[in-house]
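# Model the following, please.
(chains A and B, ligands or ions: 2)
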There are 2 protein chains.
Amino acid sequence: MSEYTITVIKNENPKSKPASDELKFGKYFTDHMFIQDYNMEKGWHNARIIPYQPVALDPAAMIFHYGQTVFEGLKAYRTKDNEIQLFRPNKNMERLNRSNDRICIPPIDEEFAIKAIKHLVKIDSDWIPAAEGTSLYIRPFIIATEPYLGVNPSATYQFIVILSPVGAYYESGINPVKIAVENNYVRAVKGGTGEAKTAGNYASSLKAQEVVAKEGYAQVLWLDGLEKKYIEEVGSMNVFFKIDGKVITPQLNGSILEGVTRNSVIEMLKHWDIPVVERKISMQEIYNAYESGKLEEAFGSGTAAVISPIGELAWGEKKIYINNGETGELSHKLYDTLTGIQYGKVEDPFGWIVKVSN
Amino acid sequence: MSEYTITVIKNENPKSKPASDELKFGKYFTDHMFIQDYNMEKGWHNARIIPYQPVALDPAAMIFHYGQTVFEGLKAYRTKDNEIQLFRPNKNMERLNRSNDRICIPPIDEEFAIKAIKHLVKIDSDWIPAAEGTSLYIRPFIIATEPYLGVNPSATYQFIVILSPVGAYYESGINPVKIAVENNYVRAVKGGTGEAKTAGNYASSLKAQEVVAKEGYAQVLWLDGLEKKYIEEVGSMNVFFKIDGKVITPQLNGSILEGVTRNSVIEMLKHWDIPVVERKISMQEIYNAYESGKLEEAFGSGTAAVISPIGELAWGEKKIYINNGETGELSHKLYDTLTGIQYGKVEDPFGWIVKVSN
Ligand SMILES: Cc1ncc(COP(=O)(O)O)c(C=O)c1O
Ligand SMILES: Cc1ncc(COP(=O)(O)O)c(C=O)c1O
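Ligands and ions are numbered 1, 2, ... in the order given. As a prediction, the model looks like this:
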């Protein structure tokens, strides 16, 4: 890897920090940000940590027109011993580069990026809340900045990292959500950009989300875009079902985001010798399992909630009630163990934790 | 419609203008831009024309993360009598609002927007080139500006219009292009965002474009995302085929952009009593027509090129050569008539022209 050189300009006017109980997701931002520039000549260069500030771009900058952009999401956790730790940041940087490849953005130096993220988190470590379940959300993203209206990969980019202290996802303990299966709108299709973490996938999901929110559902469950039969993922989570003692999750097929939490759940289940398979699953199969009393648990997995039990699934007129709307035993155990590792309360047998102090 | 109030701040340091023969597409921008803000309280407000300048946004602004953005593209033409005219701007503003609806952006006031565009074009009218085939490209776009990382519609937006003097699309007269049929990547699918003019659709097209460009093709022809059988559109053009005296174009199906030029071609053909149908067309049908000698012409339609004859279509190993790689008679006539109306050389029987001076 390249040498680690980075300029730091400290913020002389730090903001006041929100109280732990005021925290929401992605509303508050810390005092510093990381930026690095790209051009054809120099590649990625001028890495710097500077005071959190607006980004000024030419109105013709390609990000505003053709959506050439990718992002990531991970968290820094404060342990009870006051250590700061990250959870599998290498996975996020690998995925960032896979997203880059799909969207024709030049790859970043993954090791360098992790060092820069650790550096930034350390500088703003006072912002990492300590209350149960709180953390510091880290948002790396890359935007195309060339002022040019041709539909072409940009010649210049900025790689930016911002930090946001976030509250506990579950205010009163882990709690099941109601999810609606989406039958009209499509998020992604094989050959599209579904497996990349890129803006357009989220823009296309807003409408479906708006419709189901009115009916009291927290998120949509996306079906495949081709036949609208097979389960893909939830808004910003992958999805798992426990049927007759076995755990299944949709296989990666080119249109599903490969979640870091998904991968961690699979590893954990294997570690526990609980059968887990990645394969195609149709909604009909889930419905049949429900009718025959074999659908034991369902949950989403993602960085924000870690594990989000599903208490009810609405599939058109059909309603599927899971585990009496209560959090299942396995969902609970996964949640406790994963968050336990993240907050340093439970031993990490996988080498997933990266300490910021090192 | 609401009252037309707009603040104008003149640019005191105008740039020097590029020579007509230096013009490219979307590389140069004029001295002014239009901006209007949106928030929940005031709706769209603070319409202003200001010196062309960078847009400064919080790094957490939603446009950088979730792609909530839409755009349009139209042109202002200078006639030989030195009048400035627009071509069907109402169509573009109607489409902008359809795109807004799909991406959960609040609708704009279409009439107001047209007035603002005319006003802006008038202020920068010295930038409209006079040489044959040149024009002023107008790029209205809306971006989500709320600094918030939740996947939700933004609470604030900016509507911006920038102007770019553009060169003649065909340097040496209208000329056929080589197009490759795309068999791996998918641009859009029914239920997705294909019929909206939104950034993500273009981001997803970059990779396919990159692959075919290496093989010497100008653009890709997209097939439907479901079966990869039916023709959708070209990179930034709709597509027409003349087979056995009849013109066919893919029907609007939710994944194709409804081009203003497409609509104008259809109207024009009807006006000329040339049979034209909108329906599903498979690549196999085109290939069969070619083999039986009935494929007479093929062309793309879009604001940039107006009419772009297709001389060769590569469909995997199969090559389709159209009209000996020359511009067909109908393509030529459509090009001449449409550009004739746009530049005020030919009578406009449809009421498509909107004069800027009015
Ligand atoms: C579409 C989508 N699927 C799944 C996930 C879960 O991925 P991860 O576990 O890496 O957070 C996310 C969130 O990051 C997402 O946006
Ligand atoms: C995807 C796509 N299809 C078709 C078109 C043609 O539309 P119009 O004729 O309105 O320029 C465009 C260009 O605007 C486009 O971007």
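# Distance of the residue of chain A found nearest ligand 2 relative to A:Tyr66?
Going by CB to the nearest ligand atom, ligand 2 is nearest to A:Val151 of chain A, at 7.7 Å. C-beta: built from backbone N, CA, C; applies to glycine. According to CB to CB, to the nearest Å, A:Val151 stands 6 Å off from A:Tyr66.
# more crowded one of those two?
The residue with more neighbours, out of A:Val151 and A:Tyr66, is A:Tyr66; 28 against 21, by other CB atoms under 10 Å in any protein chain shown.
# Contacts only, for the closest residue to that one other than its chain neighbours.
Spatial nearest neighbour of A:Tyr66, chain neighbours left out: B:Tyr202 (3.9 Å); criterion: CB to CB, 6 or more residues apart in numbering or on different chains. By CB atoms under 8 Å, 6 or more residues apart in numbering or on different chains, the contact list for B:Tyr202 reads A:65-68, A:151.
# for B:Tyr202, helix, strand, or coil?
At B:Tyr202, secondary structure determined by DSSP: H, G, I helix; E, B strand; the rest coil is helix.
# Can you give me the distance of it to B:His271?
Taking CB to CB as the measure, B:Tyr202 falls 32 Å from B:His271.
# Repeat that for A:Asn152.
A:Asn152 is 36 Å from B:His271, by CB to CB.
# Equivalent analysis for A:Asn263, please.
Taken as CB to CB, the span from A:Asn263 to B:His271 is 60 Å.
# Same drill for these two, tell me which one is more crowded.
A direct count of neighbours by other CB under 10 Å for A:Asn263 and B:His271 places A:Asn263 higher, at 16 against 11.
# My read is that the more buried one contacts A:Asn90, right?
No. A:Asn263 lies out of contact with A:Asn90 (CB atoms under 8 Å); the separation is 11.6 Å.
# what do these two both touch?
Common neighbours of A:Asn263 and A:Asn90 (CB under 8 Å, 6+ apart) do not exist.
# residue boundaries of the helices in chain A?
Under the criterion DSSP state H, helices of chain A are mapped to A:63-66, A:89-102, A:110-123, A:199-203, A:206-214, A:260-271, A:283-291, A:329-342.
# Report the buried residues of stretch A:88-100.
Neighbour counts over stretch A:88-100 (16 or more other CB atoms under 10 Å in any protein chain shown) mark A:88-89, A:91-93, A:95-100 as buried.
# ugh, wrong one, I meant stretch A:179-199
Those would be A:179-182, A:185-199, for stretch A:179-199 by 16+ other CB under 10 Å.
# Low-confidence regions, the stretch 251-358 of chain A specifically.
For the stretch 251-358 of chain A, applying pLDDT under 70 flags the ranges A:358.
# dump the residue contacts of A:Val70.
Contacts of A:Val70 by CB under 8 Å, 6+ apart are A:96, A:99-100, A:103, A:105, A:141-142, A:196-198.
# Most widely separated two among these?
Across these, the longest distance by CB to CB is 12.6 Å; it joins A:Phe141 and A:Ala196.
# Could you give the number of residues near the residue in the stretch 51-200 of chain A that chain B sits nearest to?
Relative to chain B, the nearest point of the stretch 51-200 of chain A is A:Gly200 (1.8 Å; CB to the nearest CB). As a burial measure, A:Gly200 scores 30 neighbours (other CB under 10 Å).
# Check whether it really touches B:Thr198, as I assumed.
Yes. Counting by CB under 8 Å, A:Gly200 touches B:Thr198, with 7.3 Å between them.
# Could you pull out the residues contacting both of those two?
Listed as contacting both A:Gly200 and B:Thr198 by CB under 8 Å, 6+ apart are A:67, B:67.
# So which residues on the stretch 251-358 of chain A come close to ligand 1?
Within the stretch 251-358 of chain A, the positions near ligand 1 by CB under 6 Å from any ligand atom are A:257, A:259-262, A:301-303.
# related to what we said a few turns ago, out of the helices of chain A, the one nearest A:Trp222 is which?
Going by CB to CB, the one of these nearest A:Trp222 is helix A:206-214, 8.1 Å.
# ok, and what's touching the closest one?
A:180, A:182, A:184-185, A:187, A:219-220, A:235, B:66, B:68, B:102-104, B:151-153.
# Now intersect those with the strands, please.
Among the contacts of helix A:206-214, the members falling in strands (DSSP state E) are A:180, A:219-220.
# Domains of chain A: list them as residue ranges, please.
Following automatic domain parsing, one finds the domains of chain A at A:7-166, A:177-342.
# ok now do the nearest residue to A:Val121 once chain neighbours are set aside, which residues does it touch?
With sequence-adjacent residues excluded and distances taken as CB to CB, 6+ apart, A:Val121 is closest to A:Ala76, at 4.8 Å. A:Ala76 makes contacts with A:84-86, A:121, A:128, A:135-136, A:138, A:163, A:356, as judged by CB under 8 Å, 6+ apart.
# Just grab the bridge partners of A:Ala76 for me.
Beta bridges link A:Ala76 to A:Leu86, A:Leu136, judged by DSSP bridges.
# related to what we said a few turns ago, let me have the ones in strands among the contacts of helix A:206-214 in a markdown table, extended by distance to A:His45 and pLDDT.
As requested, those are exported to a markdown table (distance: CB to CB, whole Å; pLDDT from 0 to 100):
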| residue | distance to A:His45 | pLDDT |
| --- | --- | --- |
| A:Ala180 | 46 | 97 |
| A:Gln219 | 40 | 93 |
| A:Val220 | 41 | 96 |
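# Give me the nearest residue to the residue of chain A closest to ligand 2, chain neighbours excluded.
Using CB to CB, 6+ apart, the closest residue to A:Val151 is B:Tyr202 (5.3 Å).
# Next one: that neighbour from A:Ser154, what distance?
For B:Tyr202, the distance to A:Ser154 - CB to CB - is 12 Å.
# Name the residues contacting each of the two.
By the contact definition CB under 8 Å, 6+ apart, B:Tyr202 and A:Ser154 are jointly contacted by A:Gln68.
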